[in-house]
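Got a sequence here, can you build the structure:
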Amino acid sequence: MTLPSAADDLIMGLTHVVDLPGLTAAAGAPLAAEDIAALVGEAARFTREQMAPGWQDADRHGAHYANGTVTTPPHYKALMKAWIESGWQGVAAPESIGGQGLPHAVWIAVTELASAADMAFFLGPVLTAGAIDLLLGHGTQDQQDRFLPKLVTGEWNGTMCLTEPQAGSDLAALRTRAEPLGDGRYALHGQKIYITWGEHDTTENILHLVLARLPGAAEGSRGISLFAAPKVLPDGTRNGLRCGGIERKMGIHASPTCIMLFEGAEAELVGEPGRGLNAMFAMMNAARLAVGVQGVAAGARALELAEKYAADRTQSGRPIARHADVARMLAEMRATTLAARLLALEAAAALDRHHLLGDEAGQTRLALLTPVVKAWCTDRGVENASLGIQVHGGMGFVEDTGAAQVLRDVRITPIYEGTNGIQAIDLLVRKVAKDGGAAIRGLLAEVAAADPRLAAAAARLGTATTLMLEAQARDPDAAQGLATAYLDACGWVLGGWMLVRAAAAAPDRAALAGFYLARLLPRAEARCLEIEHGALVPIPSVL
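Numbering: from 1, shown residues only. From the prediction side, this is the model:
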């Protein structure tokens, strides 16, 4: 039996589960199912042929820093050139700035395929896409005219400069300052850390989007403004910024994670003074959705490696794929990867509904799903990478098979762009509690109506929602200590919903959906029980 590929599942999800053809038709810009299949098929071909072959070599070579210069794996320059020429960077950017004007859901499909092929390389284009979104929403017309054409082609890449040594998740503590120079120019002074693709040798310029404080700015997050600082100034001279070193990391070795020093770097204000965090959230939310897709991609890559190994490896006279426990692991990997993939597409389709139709319900759905996609999908990616090693046995623990690299690479995804614990608190405090649980209850009603096998789980999660809201009102710290359990329960229930919808659209996925509902959905009930009992038991203090 030939199992569906990631591209097959993406095409099925886009055309039948989230009904992208129907959505685009309603917006007056129809995208036929055949066109979607052709786009995804071409993206799969490009990533398979151009990106995937050098994945392990890139990891072994890594990125290197010396005397302020960062070099990437030798084949990355040619790969970046191929990426730029492919036109994929601008797939969802408006045609008016050189993009293809396609739905964001198509970009999400490209993101999964490219991240599975070489996550370290694709981190650069992912952040560039976020920079495009930020400037479209908050840049002046002049800034858009100057910056967007090069970002849309990929000839420039964009970075997100938030974190400082003393200011991680608490951005209110950042110290980088911006001194006015006149004529709308500012000089940036400060240090940023963990800047992905902050310095490298593959594009002609880098546009740094930097959070900093103006003189006399208010304390805390209200005093933060956003600035754009290119590596190379319009006259061709080097700006006053440099890389002070790169991090030695557990994984994504080929992706340069930089310490960036801003030493009077010339910059310009983006958006309003003191509203930098609001503008940066356009980039951060795009990145959070993309990181969730990286978790999906890691699960897909781990699954591909594990299925091939299990089919070829014979023990006791038969392939290990036919051994019951190995079959269980492979089924879990396939089921959760498909559920996560479709959940990410559902979030992207909600974004498209908002953009294409002006549907406020789409924006509400996107806000609700984004932390779940970021956290639940990356947790599943880590688990599936670990299961992939287990399927390989001893061969998974050595580097030759690639299974270990998947786990090393994906382990960052529950951490960056806001840890998964922060995502869980965001879901509870900013999304669920904001409207008294109305949006999540509406979603759970859809889940319960989709299949009788989901009704009990949806009802149990509804009860847990009530308990979480009561706990948040009574004791926020206690509630937030249970937030991860709550988000996890949401993920397992919504994952089941997505697989039920997939089975309705494609009957060959019915067996996988049945496996998920019988074997994996009970994990949601366990998380709900944790909430019910945990609300009564305080977390022991360690200080």
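
Next, the buried residues of stretch 392-402.
Using 16 or more other Cβ atoms under 10 Å as the test for burial, stretch 392-402 gives 392, 396, 401-402. Any C-beta I mention is one placed from the backbone N, CA and C, and that applies to glycine too.

Show me what it is in contact with.
Under the criterion Cβ atoms under 8 Å, 6 or more residues apart in numbering, residues 55-56, 301, 305-306, 309, 388-390, 403-405 lie in contact with stretch 392-402.

Quick one, which of those residues are buried?
Buried among the contacts of stretch 392-402 by 16+ other Cβ under 10 Å: 55, 301, 305-306, 309, 388-389, 403-405.

What about those, which are in helices?
55, 301, 305-306, 309, 388-389, 403-405 (DSSP state H).

I'd like those residues laid out as TSV, including pLDDT and distance to Gly491.
Shown next, in TSV, are those (pLDDT from 0 to 100; distance: Cβ to Cβ, whole Å):
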residue	pLDDT	distance to Gly491
Trp55	97	28
Arg301	98	20
Leu305	98	24
Ala306	98	22
Tyr309	98	28
Gly388	98	20
Ile389	98	22
Ala403	98	24
Ala404	98	26
Gln405	98	25
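
Go through these and name the one nearest Asp235.
The shortest distance between Asp235 and any of these, using Cβ to Cβ, involves Trp55 and amounts to 38.6 Å.

report the longest strand in this protein, please.
Determined from DSSP state E, the single longest strand within the chain is strand 257-270.

Name the residue closest to the centre of this structure, please.
With distances taken as Cα atoms, centre = their mean, Val291 lies nearest the centre of the chain, 1.7 Å away.

quick check, nearest of the buried residues of stretch 392-402 to Gly481?
Gly396 (34.4 Å).

For Met329, see how far away that closest one is.
11 Å (Cβ to Cβ, to the nearest Å).

and if you look at Ser225?
Ser225 is 50 Å from Met329, by Cβ to Cβ.

And Thr419, by the same measure?
Thr419 is 27 Å from Met329, by Cβ to Cβ.

okay, the two: which has more neighbours?
Met329 (20 against 16; other Cβ atoms under 10 Å).

Give the burial count for the nearest residue to Gly124 once chain neighbours are set aside, as a bare number.
Leaving aside its sequence neighbours, Gly124 sits nearest to Trp197 (Cβ to Cβ, 6 or more residues apart in numbering; 4.1 Å). Neighbourhood size, Trp197 [other Cβ under 10 Å]: 27.

I figured Trp197 was touching Met160, is that so?
No - contact criterion Cβ atoms under 8 Å: Trp197 and Met160 do not qualify, at 9.9 Å.

need the contact list for the residue nearest to the centre of the chain.
Taking Cβ under 8 Å, 6+ apart, we find Val291 in contact with 374, 378, 413, 416-417.

And the helices in the stretch 151-300 of the chain?
Listed in chain order, the helices found in the stretch 151-300 of the chain under DSSP state H, counting those that start in this stretch are 276-312.

Can you show me the strands along it?
156-161, 177-182, 185-196, 205-213, 224-230, 241-246, 257-270 (DSSP state E, counting those that start in this stretch).

Please name every helix or strand in contact with the fifth one.
So that's strand 224-230. Contact here means 3 or more Cβ pairs under 8 Å, 6 or more residues apart in numbering; DSSP states H and E; on that basis strand 224-230 packs against strand 185-196, strand 205-213, strand 257-270, helix 276-312.

tell me how far the first one is from the chain's mean position?
Right, strand 185-196. From the chain centre to the centre of strand 185-196 is a distance of 24 Å (Cα atoms, centre = their mean, to the nearest Å).

again with the longest one
Here the centre of mass of C-alpha atoms in helix 276-312, compared against the chain's by Cα atoms, centre = their mean, lies 5 Å away.

measure the residue lying farthest from the centre of the chain to Arg185 for me?
Using Cα atoms, centre = their mean, the residue of the chain lying farthest from its centre is Gly317. It sits 41.9 Å away. Separation of Gly317 from Arg185 (Cβ to Cβ): 74 Å.

repeat for Trp376
Counting by Cβ to Cβ, the gap from Trp376 to Arg185 is 44 Å.

before we move on, back to that, can you put the contacts of stretch 392-402 in CSV and add distance to Ala445?
Shown next, in CSV, are those (distance: Cβ to Cβ, whole Å):
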residue, distance to Ala445
Trp55, 43
Gln56, 47
Arg301, 35
Leu305, 39
Ala306, 37
Tyr309, 42
Gly388, 36
Ile389, 40
Gln390, 38
Ala403, 41
Ala404, 43
Gln405, 42
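
if we can go back for a sec, top of the contacts of Val291 by neighbour count?
Neighbour-wise, those (other Cβ under 10 Å) top out at Lys374, 35 neighbours.

element containing that residue?
Element membership of Lys374, judged by DSSP states H and E, is helix 360-392.

Identify each buried residue in that helix, please.
For helix 360-392, burial by neighbour count (16+ other Cβ under 10 Å) applies to 362, 364-389, 391-392.

roughly how far out does that helix sit from the chain middle?
9 Å.

ok so, going back, overlap in contacts, Trp197 and Met160.
Both Trp197 and Met160 are contacted by Leu127, under the criterion Cβ under 8 Å, 6+ apart.

In three-state terms, how would Arg441 be classified?
The three-state label given to Arg441 by DSSP: H, G, I helix; E, B strand; the rest coil is helix.

What count of nearby residues applies to the nearest residue to it once chain neighbours are set aside?
Spatially, and ignoring its direct neighbours in sequence, Arg441 is nearest to Gly462 (6.3 Å; Cβ to Cβ, 6+ apart). Counted with other Cβ under 10 Å, residues neighbouring Gly462 total 19.

I'd assumed Gly462 was in a strand, is it?
No - with three-state DSSP as the criterion, Gly462 is located in helix rather than a strand.

Find me the pLDDT at it, would you?
Per-residue pLDDT puts Gly462 at 98.

follow-up on the earlier one: with distance to Gln480 added, can I get the helices and strands packed on strand 224-230 in a markdown table?
Shown next, in a markdown table, are those (distance: least, Cβ to Cβ, whole Å):
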| stretch | distance to Gln480 |
| --- | --- |
| strand 185-196 | 24 |
| strand 205-213 | 25 |
| strand 257-270 | 29 |
| helix 276-312 | 18 |
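
Figure out which of these is closest to Ile97.
strand 205-213 (14.3 Å).

For that closest one, buried residues please.
Those buried within strand 205-213 under the rule 16+ other Cβ under 10 Å are 206-213.

ok and it relative to strand 224-230, angle-wise?
Calculated by axes from the mean of the first three to the mean of the last three Cα atoms, to 10 degrees, strand 205-213 forms an angle of 160 degrees with strand 224-230.

Next one: the residue nearest to Gly124 from Asp19, what distance?
Distance, Trp197 to Asp19, using Cβ to Cβ: 35 Å.

ditto for Ala43
As judged by Cβ to Cβ, Ala43 and Asp19 stand 20 Å apart.

Give me the more crowded residue out of the two.
More crowded of Ala43 and Asp19, by other Cβ under 10 Å: Ala43, with 24 against 16.

The more buried one should be in a strand, yeah?
No - with three-state DSSP as the criterion, Ala43 is located in helix rather than a strand.

wait, it sits on Leu113?
Yes - assessed by Cβ under 8 Å, Ala43 is found in contact with Leu113 at 5.1 Å.

Now do His64: how many residues are near it, please.
When neighbours are counted by other Cβ under 10 Å, His64 registers 12.
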